[in-house]
Each structure stands twice: as C-alpha cells, then as structure tokens.
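Student: Using only what follows, build the 3D model:
(chains A, B and C)
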Amino acid sequence: MSLNKNKDVFDCLIIGGGVIGCSIARYLSRFNINAILLEKHSDVCEEVSSANSAIVHSGYDPKPGTLKAKFNVLGNKMMEQVCKDLDVPYIKNGSLTIGFNGDDKKTILELIERAKINGVKARFIEKDELHNMEPNLNEECLCALYAEDSAIVSPFELTIAFMENAMDNGVKLSLDSEVINIERDIDNGLYHVYTNKDEFIAKSLVNATGLYSDKILSLIEKPSYKINPRKGEYILLDHFNANFVKHTLFMCPTKVGKGVLVSPTTSYNYIIGPSNELTDIEDTSTDFETLNEIKEVASKLIKNIPYGEVIRTFAGTRPNPDTDDFIIEESKENPLFFNVGGIMSPGLASSPAIGEYVSNLIKEKLNLSENLDYNPIRRKVFKLTSLGKDKYNELIKKDPTYGHIICRCEKVSEGEIIDSIHRNCGARTIKGVKKRLRAGFGKCQGCFCQEEVLKILARELNVDINQIRYKDEGSEILKYPSKGE
Amino acid sequence: MENEFICIVCPKGCRIKVDNEGNISGYTCLRGLNYVQEELTCPKRMLTSTVKVSNRKDTYVSVKTSSSIPKDLLLKVMEELKKASVEAPVKMHQVLLKNIFDTNVDIIATKEIK
Amino acid sequence: MNRAVDLVIIGGGSAGLSAAKSAYENGLKDILIIERSSELGGILNQCIHNGFGLHKFKEELTGPEYAYKYISFIKENNIPYLLDTLVYSISPKNKEITYSNSEEGYTTLKYKALIFAAGCNERTQGQIMTPGERPNGVFTAGLAQRYLNIDGYLVGKNVYILGSGDIGLIMARRMKLEGANVIGVSEIMPYSNGLNRNIVQCLNDFNIPLRLHNTVTKIHGKNQLEGITISDVDDDLNPIKGSEEFIKCDTLLLSIGLYPFNAMLKNSGAKVNLETKGAYVDQNLETSLDSIFSCGNVLHVHDLVDYVSLESEIAGKNAAKLVLEGRKIYDKVILTSHNENMSYLLPNEIKVYDSVENILFSFRVKKPISKAEILFKDENGNIIEKFNKVDLLPSEMVQLNVSDLPLNDINSLKVEVRAL
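Tutor: Take a look at the predicted model:
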C-alpha cells in the first residue's frame, strides 16, 4: 500500500485527541506554528476523556510536591475562565468529602492540612451544617471536608472546544489516523510518523496517547514507565430533580479504598461511581456484580437513590502509570519528543495547566513567536434551553431550523445540529452529535431522534444516508438496503 | 395424535384442537374454524412489506397482499418486491403488482405518497 | 405571538387523532393538534404489518391504513394541525402551553381544554442496565423498524432479540422476510410478553426459537456489536452461573417494554399513577390538573391500537363536553383500588354525578390466569358486579365497559381478579 506523503514539515505533531492532546493543541495555537493533531478514532474525546467522573478536582488530595498536585491546583484555577472563553458548561458546585466515623474525621483533618500545603481552600464541616447543605444525605454521614473550588465540567465539550479553538487558530486535525510507526531521521532530526494511510514529518512530537502512551513511546525508545489500565464503572441517572444532590460527594478514603462518588453533572444528570478495577486496555464493559457493588456503596452516602431513573451505565479506562504520578517530560534519547503520559485523575482538572506548560516548553525549544491573531474565544454555541424567549425568536427568525426541535428529551434543535457539523472539529457521527449537543443523551437514548440526526448528518455532509456511522469505521447504522440490487 | 393450533385471525389467539378423526374443537367463531381447516390443507398468510418509490429520494411505500397467499410463496413474493418499484404519486390501495404468481392476489399500497 | 384555542391536543398519533375526531363529532370545532414529527399518524406509520382495526372497524388493517382513516377525517373536516412542532411546557395555572416550530418560533397558546396524547417510549439497554460494552448494533425494536420500513435499510443481518414484546416479534418476521438471519428471542419471564398470534405467525412460522427464563448478560464489541452472552435466570430473575452461551450477531433488538412519555405532564404538576407511570385520572380521563385530559399510551401502555382509539374517544368526548357545557358539580369521589393479581387499574377515581354513564375500566394481570373471575367490591367487601374471563395474560390489557354500578351507595371501589 502506498502512503499519502504529507509534503508539509510540521513544527509539531500531537498524537492523541483526548483532553490533554487537544489542550496542548489549543495553547500551542497561541504561537506561530504549523501543527497537526492525529487521532485514531473518528472524533476527538473517545477514550479516557469521554468516560470519567467529569470533576474539576480542587487539588487538596494529591501528595504535595507531585506533578499531580502542581497541575491540579493550577488547572483548577484556570478552568473557570477557560470554560467562559470556550463556552463550555462549567459549574463550581463545591465538593464534600464525607466521613462516617472517628477514623474518617482524623483522615479529613489530615487532608485539610494537606490542602493548606497545596494551597487549596478546604474547611471542616460538622454534621448539622453538612445535612443542611445536602438534605438527602444518609443519616450516618458524620462530617465532611468542604472544598469550595471543586467544580464540574462537560468533558466532551471541553475537549471538543479545545480542538475547535486550536483549529480556529490554525492547528490541523487528522481523524481516523492511527499511528503505527515512528522514525527519527538521524541526519536532520526530523520525525517521520506513519499511520495506516499517511506519512507525516514533524520537528517535534507530543505523545498524548493516554492508555497507549507507553506503547507509542516504545515505537522509538524503551519506555521508562508502564501503563496499567484501570477501569471505572458508572451509573448515570436522568435529570429528574435539580435539587437531588448539589455538591460532588466523595467518601473519605480508607485503607479499603476510595469508595464512590455521587455528583450532579453540568446537565443536571447524576453520576454514581466509579469502581476501580485492573483491566485489559480495550475493555470498557460493565458487569452485574460491579454495578451492584457501586449501588451498595453509594447507599452509604444517599439512602434512596431512585434507580428507576437510570438512563445508562458505562465504564471508562484510566491510564494508571506505575510511577504513581503524571509524566510530563522531553525524552532524553529523542530530543523534541515530549511525553505526556499517565494523566489519570485529576487529569481533567489539570488539562489547561498541562496544555499551557507543554506548549510553553515547545515554544522555547522551537523558538516560536507569538501568534498575534490568536483568539482564545470560541464562537458561542446557541443552546435553546439557555436562551430567553425573545432571543430565541430572534434566532429562529434569522434561521428557522432553530425552531425545529429534533431531540425532545434534551430539546436540541435542527439548527444546533447543523451548526455542530459545520464548526471546526465538527460532528461527523451520531455519537459526535450526542457528545456536542446531548441529542440522544436523554431518557430515550436516541430511540426517537437518532434517525432524524442521521438524515441531517447525511444531508449536511453531502453523503448517502448509509454512510453515516455511530462512531468509528465499521459502525455504519444502515447496513443493508432492503430493496434493489 | 391430537393437534393444537393457536388461531391468528384475531388478537384473541384461541387454542383450537384437531383430534385423530379430524374433529375440530375450541374455536369461538367461524373464522377460527376456517383458519384451522386452511391450516390443515394449505396454510396461508397475509404479507406486508415495502416497495421503492423510484422518483423520490430514500422513499418507500408500504404494501400488502390484497388477501392471504400460500405460506410457501412468502419468500418468492418478497423477491419480486425487492425488484419492484413505483412512481409517485401513489394512491391508497393502488395496485402495484397484479395477480402475483397466479394467485389472484394483488400487491396493493397501504399508504399515500404525494 | 399569542394564540388561543378551545382544545389543544398534544400528539398526532392514534390517541390524538381519535380524541380529535371524537371531540369534533361531539360538537367542538376549535381544535388544534400538535405533532412533533413531519406527518400525522405517529408510530402507526412504521407499523406496516396488519392486525389493526379488528375491534374498531371489524376489518384487518395495516398501521398506515388505520391511521389513514383518521387522517382523512381530520383533513376532510379541516381540523387544524401543526407538524414538526414540539410542545415545551404546559402551564395549568394560566391554561397555556408553549411550543416551537420553524414558522412560528417559540409560541404561547391558550387553551380551554387540553388532551395529552404524547404516546410512549421504548425501554433501552441503559434502563435495564444490560452489562457489557456500548457498540453500534443494539437498537430498540421500534427504531430498527423505522429504519427498515420508512428508510428501507436493515441495521444488520444476524439478529438476536431480547424481550418477547410484540414489536420484537413483528420485527423478527420482518427482518427474516427481508433476508436477515434471526437467531432467536430471549424472554426473561417464564411466559411470552407478546400476543399468541404473533408467536405463531412471527416465530413459529419461521422456526425462530423463543427461550423463556433467559436474558442477555453481556454485550460484546466496542465499535460494532460482535456478539452477546445469554444466560438462563432463576426464579428471582438472576442469571444462573454456568448457563452462559455466546451468540455471534451484529444486531441486538430490544423489545423489553414501553413506558408512557409522561415527563412533561408530571413536570407540570400532574399527579402520577405510580403503577402505570402515566397520569392519575378519573373516569372521564381528566387528570388531577384542571381541564387536562390524558389518553392512549401516554396514560398507560396498550396492547392494541383499537383500545387506544376507544379510550381516546372518551377523552375527546369529555373534553368537548367540558368546553361546551361547562363543569358539572359532582356529589362525591370514589377512589378505586385493585388486588395483588393486577398490575394496575384505571380509572383511579370516579366522580359521581347525578347521571353516571358507562365507565371504562382498564387493567392488566401480573401473571397468566387461565380462568378468572373479576369482582367489583364496595368498601365492606360486598360484591356489586362480577365478570368471568378466560386466558388473561400480562401481555394483554383488559378493557371492561361497565354500566349500572350502584355508585350512589358506595364510598370506595375495589376490583379483584381471582383465579378459578
């Protein structure tokens, strides 16, 4: 097979379209740079970044002095403004880490000390105040650590917005591009990156491949660390009551484990989980026993969780490194090869800080100048659900497709779907629309709107309806025509 | 040997029995009796499907047999429907294929296409 | 823009259309039907199989033909309707709704009476928490039906079906006839959830096996479905270890039940019947909200569209009467209840007027009963009415039109189904 040779020599090539890769791309676009991001799936935000607790941790938890502590605290401080600039759902709802006995109380007091060292606001809460803050808590909840800077964010929209903003500022994106080999030309130091269909040449590389970062690194050198993937299973509830739980509820860590969390999401769904299991890298399956265990543990926090409101269960895998800390460094053997690996929790919270830090490293090494046209603001995403009546009607007058509601569970209009397709880093699949707009995310899980979304995608992408996929290649929805040849 | 049939004529689903001598019992209406008699000699079924509308993009019209046809013809008729097409407009109960396989049964539209 | 109508009907499917026809025939002319999709008829449009109308029209019709009878009536009488229009909210206090579409934008509409006929949803993989992965290839039977009958495409060629609900059985036959290999059907209960006639003509006719007391315990494949694990279940419906079997397939259809799409009415403050998940209603099908009626699958899930029509006619008639004649004063309210053999009973209450007409009772049994008696009892346990029925099944709804109950003499009503 002959490869598509890319004539450009990129200043930087980023492998991996998770929240870390996309954040690095966005912050790199502050500079005059010819950069590209390769993603093996048909969309960004498909693995670790898409299936997690969606929490912007405050930063009291990581061990002082670690990279985790450093980037978590920095990232948490940046996140609110980032979400404002990129029009990403973000709610600073605060977290409560809950203790049930004297031992837990001791641990919580220690964690408050640790918070001080990390420079994070944390306060001890007695039982009465705790139950005032969260009336649905189980009676046995005794005390808590309150971290007011903890927040929730939409991880899909954050990742996609990072990439869209990067592309608005000149970074390129190549989807369906799985890296299978990397070579470094000893004469000129240039990297040759091979996917199944293309060859790319770049001066510098960023390895932001999450679960696969040790494997990608091993294409060019012996990795100094190993990723042991861990799986977390979750239960997701419908938005049945906006006041069910307001804060992110953690359980005080014990020798037995970290327990589970119960938290609202930015769409006022409720997420319960995760489990924590060693797993195969490709395994994101859920199972009966684990889901039941999660329910049992969660009942310590909240007594009567309405499981009749479950709309989905899912599992996400985390790139758990054997070093126990983030790996953010330039390779010693291969100059300008930057490894950003082992980014598990609090990776989402850390993502803007890591993006900024790594892009600054690259700027210095490549001697990049500032991009004077850089615009950190992403064009607003019209969400009917958050517009007032008058603004809504103004919008419909300009573009009637905004009046035609496609997803009745989440109230998503045709106009929003069309816009999500034609933006940079636009939706190309059913799942892509779902991640950007929540169409198909509701109680009916797309039973009603999937067909209409599919037809809009086909029309806007100008392809036949049987070309539209659920996610990656091979997941075409309409497989066999029933009539004709 | 006694044979039991579940009647499919209406949603009631009566259980109708046929004994060794061919006596039929358990039916609650004449249509049920007819159904079992037919089932013993030449079982018949209604067939419903779709036919492509050739002058409209991605459009199909729903169709049915004008009355039931022998069961063993179902797949053969399906093959014919695969190849068939019709031009819009289509009227309700418009005949699309006449006297299919000499059964005296037609394929008719069950929907209007403007 | 602000508008007003006498009767607004939310939903242009079988329930909404039947209610509209009935209201119109009872003298109410200022009606507006609001339909979310691009044509009237609702889910009947994709139910191209026959078997509809035997009760209502004494003939066997396909879904589109059944809908056509009503749509023709609506069009001939110029009853107004809006397509591609979604109702956002109902405000019972102001008697108004908000909706949006491309032409009018976001609009407020005043009503004198409202009939909520928004239909039902299919239960999904997430709701029953089927373990495993989440690839493409797992569809509710209704969505696969739409893709096949409306769009002309099969979603796969090696098909397994979870749940023996009627849509699943109908789809087994449809996909088989269109050339797919339908491997089998698993039903977690020890009995089928579909009509007997569908077991015969959709499964038996094509030698498609039905496994009872069996369910899907794992979904395999990350991007596209590669197979499923099925397992037998014990009497508590828990999977039995060691009974697992792997089945290679590219499609899993779910026919695991329907539930009323009642969220909007619930959010407007309507009292909910916890057993049906639909609204709490009186014998006129009026909900706990003033002048708001509910009927069809959004009230409770029906087995036959004929019954949807019969029920919706009651809502239509009573909505028309309310608007045209004003509210009548009733003497008292009798609450209804049922025994442990039944999963629900409608209506939830009976308002006793000086002249009481027939009352339509609907219920389902919890498990099959071959010979049953249905007893109507007053608060002292005295039997005031009695019926005998054979072959009651959980999959089949029972509708009883009862007249001459001595409502003036009783204060509560309990309906009991007993096996004989």
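Student: which stretches of the stretch 101-250 of chain A form helices?
Tutor: Remark: helices assigned in the stretch 101-250 of chain A by DSSP state H, counting those that start in this stretch are A:102-118, A:127-133, A:155-168, A:213-217.
Student: Adding distance to chain B and mean neighbour count as columns, could you present those in TSV?
Tutor: In short, each C-beta sits where N, CA and C put it, glycine included. Converted to TSV, the helices of the stretch 101-250 of chain A look like this (distance: least, C-beta to the nearest C-beta, whole Å; neighbours: other C-beta atoms under 10 Å in any protein chain shown):
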stretch	distance to chain B	mean neighbour count
helix A:102-118	58	16
helix A:127-133	54	14
helix A:155-168	30	27
helix A:213-217	42	22
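Student: Adding mean pLDDT and distance to C:Ile329, write the ones you listed out as a markdown table.
Tutor: As requested, those are exported to a markdown table (pLDDT from 0 to 100; distance: least, C-beta to C-beta, whole Å):
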| stretch | mean pLDDT | distance to C:Ile329 |
| --- | --- | --- |
| helix A:102-118 | 96 | 61 |
| helix A:127-133 | 97 | 47 |
| helix A:155-168 | 98 | 55 |
| helix A:213-217 | 97 | 76 |
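Student: of all those helices, which lies closest to C:Thr98?
Tutor: Nearest to C:Thr98, of all the helices of the stretch 101-250 of chain A, is helix A:155-168, at 26.6 Å by C-beta to C-beta.
Student: what about the closest one and chain C, touching?
Tutor: No: counting by C-beta under 8 Å from any C-beta of the partner chain, chain C is not contacted by helix A:155-168; separation bottoms out at 14.7 Å.
Student: For that helix, what is the distance to the chain centroid?
Tutor: Its chain's C-alpha centre and that of helix A:155-168 lie 10 Å apart, by C-alpha atoms, centre = their mean, to the nearest Å.
Student: To A:Ile305, which of the helices of the stretch 101-250 of chain A lies closest?
Tutor: Nearest to A:Ile305, of all the helices of the stretch 101-250 of chain A, is helix A:127-133, at 16.9 Å by C-beta to C-beta.
Student: tell me what that closest one is packed against?
Tutor: Contact partners of helix A:127-133 among helices and strands, from 3 or more C-beta pairs under 8 Å, 6 or more residues apart in numbering or on different chains; DSSP states H and E: strand A:95-99, strand A:143-147.
Student: switch to 7 Å and redo it
Tutor: Using 3 or more C-beta pairs under 7 Å, 6 or more residues apart in numbering or on different chains; DSSP states H and E, the elements in contact with helix A:127-133 are strand A:143-147.
Student: what sits up against the strand it packs on?
Tutor: Strand A:143-147 has contacts (C-beta atoms under 7 Å, 6 or more residues apart in numbering or on different chains) with A:58, A:60, A:94-99, A:105, A:108, A:111-112, A:120-127, A:130.
Student: at 6 Å what do you get?
Tutor: Strand A:143-147 has contacts (C-beta atoms under 6 Å, 6 or more residues apart in numbering or on different chains) with A:58, A:60, A:95-99, A:105, A:108, A:111, A:122-123, A:125-126, A:130.
Student: what ranges of chain A fall below the confidence cut-off?
Tutor: Counting by pLDDT under 70, the ranges of chain A that qualify are A:1-3, A:6, A:485.
Student: Can you pull up the residues of it that come close to chain B?
Tutor: Contact residues (C-beta under 6 Å from any C-beta of the partner chain) of chain A with chain B: A:Lys483.
Student: tell me the domain ranges of chain A?
Tutor: A:4-49+A:156-227+A:323-366, A:95-148+A:228-318, A:384-467 (automatic domain parsing).
Student: what's the longest strand in the chain?
Tutor: This is for chain A. Longest strand of chain A, by residue count under DSSP state E: strand A:4-15.
Student: my bad, the chain I had in mind was chain C
Tutor: strand C:105-116.
Student: Just checking it against chain A, any contact.
Tutor: Yes: judged by C-beta under 6 Å from any C-beta, strand C:105-116 and chain A are in contact via C:105-106.
Student: Sheet-wise, list the partners of that strand with their directions.
Tutor: strand C:2-10 (parallel), strand C:96-101 (antiparallel), strand C:292-294 (parallel) (DSSP bridges).
Student: So is the helix or strand that that strand is followed by next to chain A?
Tutor: Once the chain leaves strand C:105-116, the next helix or strand it forms, by DSSP states H and E, is strand C:120-122. Yes: Strand C:120-122 lies within reach of chain A by C-beta under 6 Å from any C-beta, at C:121-122.
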